[in-house]
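Engineer: Dropping the sequence and predicted coords here.
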Amino acid sequence: MSIPTPGSGHLDARIRLRRGQTEVDVALSAQPGQVIGVLGPNGGGKTTTVLALAGVLPLEAGHVRLGPDLWDDGDRRVPPEQRAVGLMLADSLLFPHLRAVDNVAYGPRSRGVDRHTARERAVDELRRVGLAERADARPRELSSGQQARVALARALATDPSLLLLDEPLAALDPDTRARTRSDLAARLAGYGGVTVLVTHDPLDALTLADHLVFVEDGRVSQAGTPAEVLGEPRSPYVATVVGLNLYAGQGDSHGHVTTPTGALLVTTDPTEGPVWATVPPQGVALHRSRPDGSPRNTWSLRVASVTMQGQSARVGLEGDLALTAEVTLESVAGLGIRVGEQLWAAVKATEVRTYPR
Amino acid sequence: MRQAGRWRSRVALGVPAAVALLLLVVPLVALLFRADWARIPSDLATPTVLPALRLSLTTTSCTAILCLLLGTPLAWLLARSDTTATSWLRAVLTVPLVLPPVVGGVALLMTWGRNGLLGQYLSPFGIQIPFTTVAVVLAETFVAMPYYVLAVEGAMRGLDPRLESVARTLGASDLRYLRTVGIPLVLPGIASGLALAWARALGEFGATITFAGNFQGRTQTLPLLVYVELERDPQVAISISILLLAVSVLVLGVLRGRWLR
């Protein structure tokens, strides 16, 4: 069988199937060279989507097309070994009894390339991830980061048109993850096909992907460029990932937003009708007593949690509305913030952004 | 009070445990105790023992090879599918494990005998299975193969199914995956399955004597000879038993080495 040239096609997929409790219906499309980041909570259908794209799981309905090739239409399915896909999973899953070079050569060998050419190709792929000198090492002799790089080299050695990365960095410790992330970015820059990157780490998605798709409960809850998603989250999960407080409400022309629980937000950015309103955690000020001056949003809220992040603290507040505030460690100490206490939270009207729901 | 309670539970558990241990260990000790060690080499070199030893070795080797060639694919298919049909199949497969071997012998006669389910098609060609060396192999395979298949299936189920997904996206067919990844990774399981099946085949008595008879040089394996010699010359029977015990312990050693690591 001939190996197709990489980057030969546009991905057009609608994945519809049922797996366990989740009814998955996810549409994806991408141009060659694009990296789509798929994010979402566990059990929401991310991995199911990847396995269906790989051909390991059959579609019940929908389709997977890559360029001119129809891979699955719910009736007829091209098996994984006849698709031009590369698959890399969380714990690398190298073949433990094969040396690094033989792991990478496994794909070309399986596709009928002769031993010598396959080995040359494998060494070349290892060189491109900076591991040419570890070609003869067994997987257990490699660090977790090196194993991940070998797994990437193995996935790319068959020149896939579609590269599937399912949580490729999830099994790595934080230091290794940061380094491997940049190795991954460097290698992906030279890859001409479509990449689908599944992750729950927003940093992976923002640094590696140029289009984001959020999958929750089997459905796409939001899709767009990182900039679009960062500014205008449209689901509580997306808001948590991008680090914004998000409220669904009803807006009027005077800049008032009423939430379903009856809380009122004042904004200088009015939108009428059903709206989303965001409040950045850094825009929240905390006080012991009710602050003076208007027009401001002030609420008396109870401290539900305090977590540290570097030099700042995130304070989770509950009451008329749920609000996360990001304040300096000094103010935590100065105000004597403790879980269970009532505090006043103030947000300037200019910090509240609204957009149609 | 508390002290007394502890003693009571020690006695209540310790006494039956000790009796159980005695029931299991004393017979082995008795065998070793009654053996005439100086006679063992000459006992084993007699004209009745040597053919039985040779027959046992060849038939158990054939059984091991049949397990390897036929049992491995069966284990693989069982390990991969999770339908109700497979769980029934697995249940059927375990029947020979608990079936009285004599009943197995009768079942084999009903299959391969002159008028048996399959034998009736063979007898017109002059092919007679019962009471031949082939029958010994069939009897041993009938009782030993389930051990092999279940051991290997267990090892294959331990493989991460995602390895296969990765291999398939790399272009490997089912067969290539099995040959290059699946089997190499379950080699320890195959080795212990073989040891287990071989040991079971070596000890086979009931199905063999029922289905293959007790003909010297043709169907008389070591266990059958032990049975005969016990009437004729008990000391020879004990010597052969010591040999079989030694082989069993050896197999156990191989298995433990695998399992304890």
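Structural biologist: Thanks, I have it. Numbers count the residues shown, from 1 in each chain, chains lettered A, B, ... in the order given.
Engineer: Count the neighbours of A:D175 for me.
Structural biologist: 9 (other C-beta atoms under 10 Å in any protein chain shown). Bear in mind the C-beta positions are built from the backbone N, C-alpha and C, glycine included.
Engineer: and it, which of the three is it?
Structural biologist: Recorded secondary structure, A:D175: helix (DSSP: H, G, I helix; E, B strand; the rest coil).
Engineer: Now B:L74: which helix or strand?
Structural biologist: Following DSSP states H and E, one finds B:L74 within helix B:72-80.
Engineer: got the buried residues for that helix?
Structural biologist: Neighbour-count burial for helix B:72-80, counted by 16 or more other C-beta atoms under 10 Å in any protein chain shown, picks out B:72, B:74-76, B:78-80.
Engineer: Show me how chain A divides into domains.
Structural biologist: As assigned by automatic domain parsing, chain A contains the domains A:11-236, A:244-356.
Engineer: Just want the most central residue of the chain.
Structural biologist: Since no chain was named, I'll use chain A. A:L39 (3.4 Å; C-alpha atoms, centre = their mean).
Engineer: was after chain B, sorry
Structural biologist: Closest-to-mean residue, chain B, C-alpha atoms, centre = their mean: B:R200 / 2.1 Å.
Engineer: my guess is that one contacts B:F142, does it?
Structural biologist: No: with contact defined as C-beta atoms under 8 Å, B:R200 does not reach B:F142; the gap is 10.5 Å.
Engineer: Give the residue spans of chain B that score low on pLDDT.
Structural biologist: B:1-2, B:257-261 (pLDDT under 70).
Engineer: wait, chain A
Structural biologist: In chain A (pLDDT under 70), the answer is A:1-8, A:293-295.
Engineer: What residue in it is the furthest from its centre?
Structural biologist: Farthest-from-centroid check, chain A (C-alpha atoms, centre = their mean): A:D292, 41.4 Å.
Engineer: Other residues contacting stretch A:205-216?
Structural biologist: A:26, A:28, A:30, A:34-41, A:44-46, A:49, A:181, A:184-185, A:188, A:197, A:199, A:220-226, A:229-230, A:235, A:237-238, A:241 (C-beta atoms under 8 Å, 6 or more residues apart in numbering or on different chains).
Engineer: Next one: the closest residue to A:D252 other than its chain neighbours from A:R357, what distance?
Structural biologist: Spatial nearest neighbour of A:D252, chain neighbours left out: A:E272 (6.1 Å); criterion: C-beta to C-beta, 6 or more residues apart in numbering or on different chains. Separation of A:E272 from A:R357 (C-beta to C-beta, to the nearest Å) stands at 11 Å.
Engineer: Overlap in contacts, the two.
Structural biologist: Between them, A:E272 and A:R357 share no contacting residue, judged by C-beta under 8 Å, 6+ apart.
Engineer: Around A:V352, how many other residues sit close by?
Structural biologist: Neighbours around A:V352, by other C-beta under 10 Å: 23.
Engineer: thought it was touching A:P270?
Structural biologist: No: the pair A:V352 / A:P270 is not scored as a contact, 10.0 Å apart, by C-beta under 8 Å.
Engineer: For the stretch 1-150 of chain B, which residue gets nearest to chain A?
Structural biologist: B:R80 (13.1 Å; C-beta to the nearest C-beta).
Engineer: For chain A, list the residues in contact with chain B, please.
Structural biologist: Residues of chain A lying near chain B by C-beta under 8 Å from any C-beta of the partner chain: A:1, A:51, A:54-56, A:79-81, A:83, A:85-87, A:89, A:93, A:95-97, A:106-107, A:110-111, A:154-155, A:158, A:160, A:164.
Engineer: Selection in ChimeraX covering whichever of those residues are buried, please.
Structural biologist: Per 16+ other C-beta under 10 Å, the buried members of the residues of chain A next to chain B correspond to this ChimeraX selection:
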select /A:51,54,55,56,80,81,83,85,86,87,89,93,95,106,107,110,111,154,155,158,160,164
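Engineer: Looking at the residues of chain A next to chain B, which are in helices?
Structural biologist: Within the residues of chain A next to chain B, residues falling in helices by DSSP state H are A:51, A:54, A:106-107, A:110, A:154-155.
Engineer: Going along the chain, name the helices of the stretch 101-250 of chain A.
Structural biologist: All helices of the stretch 101-250 of chain A, identified by DSSP state H, counting those that start in this stretch, fall at A:115-128, A:144-156, A:174-189, A:202-208, A:226-231, A:236-242.
Engineer: partners of A:A27 in the sheet?
Structural biologist: A:R14 (DSSP bridges).
Engineer: I'd assumed A:I36 was in contact with it.
Structural biologist: No: A:A27 lies out of contact with A:I36 (C-beta under 8 Å); the separation is 11.3 Å.
Engineer: of these two, who's got more company?
Structural biologist: Neighbour totals were compared for A:A27 and A:I36, and A:I36 leads with 20 against 15 (other C-beta under 10 Å).
Engineer: Partner strands of the helix or strand harbouring the more buried one, with direction?
Structural biologist: Using DSSP H and E, the element containing A:I36 is strand A:35-39. According to DSSP bridges, strand A:35-39 has the following sheet partners: strand A:194-198 (parallel), strand A:211-216 (parallel).
Engineer: now the angle from that strand to helix A:174-189?
Structural biologist: Strand A:35-39 and helix A:174-189 are oriented at 140 degrees to each other (axes from the mean of the first three to the mean of the last three C-alpha atoms, to 10 degrees).
Engineer: Could you give the separation of strand A:35-39 from the chain centroid?
Structural biologist: Computed by C-alpha atoms, centre = their mean, to the nearest Å, the separation of strand A:35-39 from the middle of its chain amounts to 6 Å.
Engineer: same thing with stretch A:23-41?
Structural biologist: Worked out by C-alpha atoms, centre = their mean, stretch A:23-41 lies 10 Å from the chain centre.
Engineer: First-to-last residue distance for that stretch?
Structural biologist: Distance across stretch A:23-41, first residue to last, is 15 Å (C-alpha to C-alpha, to the nearest Å).
Engineer: What about the nearest residue to A:Y237 once chain neighbours are set aside, how many residues nearby?
Structural biologist: Leaving aside its sequence neighbours, A:Y237 sits nearest to A:E216 (C-beta to C-beta, 6+ apart; 5.5 Å). Around A:E216 there are 19 other residues, counting by other C-beta under 10 Å.
Engineer: What of the one 3 residues further on?
Structural biologist: For A:R219, the neighbour count with other C-beta under 10 Å is 17.
Engineer: Roughly how far does it sit from A:V24?
Structural biologist: 8 Å.
Engineer: Next, show the common contact partners of these two.
Structural biologist: A:G45.
Engineer: hang on, the earlier thing: any of the contacts of stretch A:205-216 buried? List them.
Structural biologist: Buried among these (16+ other C-beta under 10 Å): A:26, A:28, A:30, A:34-40, A:44-46, A:49, A:181, A:184, A:188, A:197, A:199, A:220-224, A:226, A:229-230, A:235, A:237-238, A:241.
Engineer: Show me what the helix holding B:L74 is packed against.
Structural biologist: Here helix B:72-80 touches helix B:84-98, helix B:133-157, going by 3 or more C-beta pairs under 8 Å, 6 or more residues apart in numbering or on different chains; DSSP states H and E.
Engineer: can you give me the angle the first one makes with helix B:72-80?
Structural biologist: When the same axes, to 10 degrees is applied, the directions of helix B:84-98 and helix B:72-80 differ by 130 degrees.
Engineer: Go ahead and name everything in contact with helix B:84-98.
Structural biologist: With C-beta under 8 Å, 6+ apart, helix B:84-98 has contacts from B:77-78, B:104, B:142-143, B:145-147, B:149-150, B:153.
Engineer: Give me the buried stretch members for that helix, please.
Structural biologist: B:93, B:96.
Engineer: buried ones in the helix or strand following it?
Structural biologist: Going down the chain from helix B:84-98, the next helix or strand is helix B:101-112, by DSSP H and E. Buried residues in helix B:101-112, counted by 16+ other C-beta under 10 Å: B:101, B:104-109, B:111-112.
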